[in-house]
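Undergrad: Sequence and predicted model, in that order:
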Amino acid sequence: AWKIFMSRLTPKGVLTVSRWYDPGKPDETGRILSLAAATLMEMGVREPRRHLFLASQKHIATLVLSKSPLAADDVDALEKASAFYQHDILITPSREPDSRVLARIVNAPDRQSLENFTGNLEFDLTPPTDERPFFFNQLPLSRPLQALAFARGVLATTSEGGGVRRGNLVATVTLLVLFLIAVIFVVAVLLVPLRGAVRQVGSRLVTCGTLYFALIGMGFMLVEIGLLQRLSIFLGHPVYSLSVLLSTLILSTGIGSFLSEKWILASKGRLVIWGIAAGGYAVSLTFLFGPLFDALSAAALGMRIAACMAIIAPAGILLGFGFPSGMRLVSAIDAKPTPWFWGINGAAGVLASIIGVTLSLALGIAATLVLGALCYFLLIPVSLALLRAETSRVVTAGEKRRSMNRKAKSAPPRRGPQGG
């Protein structure tokens with residue numbers, strides 16, 4: 001978005017943004033500054049500092065980002081205006097910043113150096129991108145132990161400066177607490193009542209079946225969460241993303257489930273092809289989004305919705321094969337534990353929805369999609385194990401029948417009753 005903003009400016013045009021500022025912890029302001037520096041670097045600017053001016057008054061800081069380097073007259077005019085309106089100058093091309101954090105950001109020699117510095121601070125000040133667009137989430141979830149310890153300290157205080165930082169910390173911690181609550185309810189409401197369904201069933205079926213339905217439950221939800229977050233940026237509002245994604249995904253997975261009755265995954269070759277296709281397509285989305293969305297960023301909403309539906313539909317069709325094919329495999333071995341597998345699938349989906357959001361916050365949306373794809377790749381050995389168990393059962397049952405027939409043929413003839 002910032003690159004689009006800059007492209008619309010005249011050569012002497014400027015973009016200004018104001019955010020909350022705390023001199024002790026310049027976090028929102030620091031992240032705005034790192035975003036501005038990264039934008040300029042991606043546009044080929046070697047010295048971002050020459051394009052930036054930042055001034056604050058109390059708890060508000062205003063950034064001036066120029067498309068061209070600020071001329072000496074421009075800098076002089078900005079400094080005089082700041083003095084007249086009693087603003088503190090934080091960043092100016094004419095001198096070094098007083099803040100060590102802001103100075104390191106604005107003087108970073110390249111994008112990698114900027115990422116390294118801003119990613120290892122107390123708060124996460126890395127430049128937001130379309131792949132990780134969560135500007136206000138500054139809790140370093142990629143360092144979970146540090147994030148939890150820091151969150152406890154912040155939430156124990158009565159206040160934490162201006163801005164929305166505290167609210168986002170509360171939201172992030174709430175997400176983690178929600179995961180623990182979900183685990184408790186999943187165990188109490190689903191797994192404990194259904195545990196009787198796996199009694200007196202072979203351990204191989206229980207283990208492989210549980211893995212299979214946990215993987216498709218988690219994989220499906222991770223892909224869905226990744227798509228939902230990525231499409232929100234492209235379509236411009238979460239409401240559009242949610243409605244387009246759910247309607248297309250429900251329809252296409254239904255089609256996939258229907259097709260699974262026509263193209264039954266009953267052989268090793270078909271199971272392997274399906275697992276590679278489902279996982280491979282989910283991975284390919286991480287590479288497809290960028291070029292496609294850049295090409296259509298200025299297109300009408302209807303065109304963007306059509307593009308999203310075209311992306312979602314193949315994923316839904318492939319993922320739609322998973323559940324009915326798994327039920328067909330386990331039912332051919334023993335139908336008694338199928339309630340347990342239904343419960344495992346639902347439980348995995350519930351927990352994966354929270355894991356997906358957390359993973360996107362910590363590592364980016366691409367990481368969520370890749371993990372979802374990995375679940376489908378792992379289905380290949382698990383489904384092949386189920387297929388071997390089914391074949392083994394059929395062979396065993398056939399041998400048992402043949403053995404009974406041989407015994408019946410070799411037994412002496414039964415004598416009828418006396419006088420018969």
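TA: All right, it came through fine.
Undergrad: Which residues are in contact with the spatially closest residue to R49 that is not a sequence neighbour?
TA: Leaving aside its sequence neighbours, R49 sits nearest to V106 (CB to CB, 6 or more residues apart in numbering; 4.7 Å). All C-beta atoms are positioned from the backbone trio N, CA, C, and that covers glycine. Shown in contact with V106 (CB atoms under 8 Å, 6 or more residues apart in numbering): 33, 37, 48-49, 52, 91, 97.
Undergrad: Highest neighbour count among those residues?
TA: L33 (30 neighbours; other CB atoms under 10 Å).
Undergrad: quick one, phi psi at that residue?
TA: phi -70, psi -40 (degrees, to the nearest 10).
Undergrad: And the pLDDT at the residue nearest to R49?
TA: V106 carries a pLDDT score of 92 in this model.
Undergrad: for the stretch 251-400 of the chain, which spans come out with low pLDDT?
TA: Low-confidence segments of the stretch 251-400 of the chain, defined by pLDDT under 70: 392-400.
Undergrad: again, only this time at 80
TA: 389-400 (pLDDT under 80).
Undergrad: any idea how far the nearest residue to R230 once chain neighbours are set aside is from G167?
TA: Closest residue to R230 apart from its sequence neighbours, by CB to CB, 6+ apart: I365 at 5.1 Å. In this structure, I365 and G167 are 22 Å apart, going by CB to CB, to the nearest Å.
Undergrad: out of the two, which sits in the busier spot?
TA: Legend: neighbour count by other CB under 10 Å for I365 and G167, higher for I365 (28 against 11).
Undergrad: circling back to that earlier point, next, format the contacts of V106 as JSON lines and append distance to G269 and pLDDT.
TA: Listed next are those as JSON lines, based on distance: CB to CB, whole Å; pLDDT from 0 to 100:
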{"residue": "L33", "distance to G269": "55", "pLDDT": "95"}
{"residue": "A37", "distance to G269": "52", "pLDDT": "95"}
{"residue": "P48", "distance to G269": "55", "pLDDT": "92"}
{"residue": "R49", "distance to G269": "59", "pLDDT": "92"}
{"residue": "L52", "distance to G269": "59", "pLDDT": "95"}
{"residue": "I91", "distance to G269": "62", "pLDDT": "93"}
{"residue": "P97", "distance to G269": "63", "pLDDT": "89"}
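Undergrad: a markdown table for those residues, including distance to G236?
TA: Shown next, in a markdown table, are the contacts of V106 (distance: CB to CB, whole Å):
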| residue | distance to G236 |
| --- | --- |
| L33 | 26 |
| A37 | 26 |
| P48 | 28 |
| R49 | 32 |
| L52 | 28 |
| I91 | 31 |
| P97 | 35 |
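Undergrad: Fine by me, we can end here.
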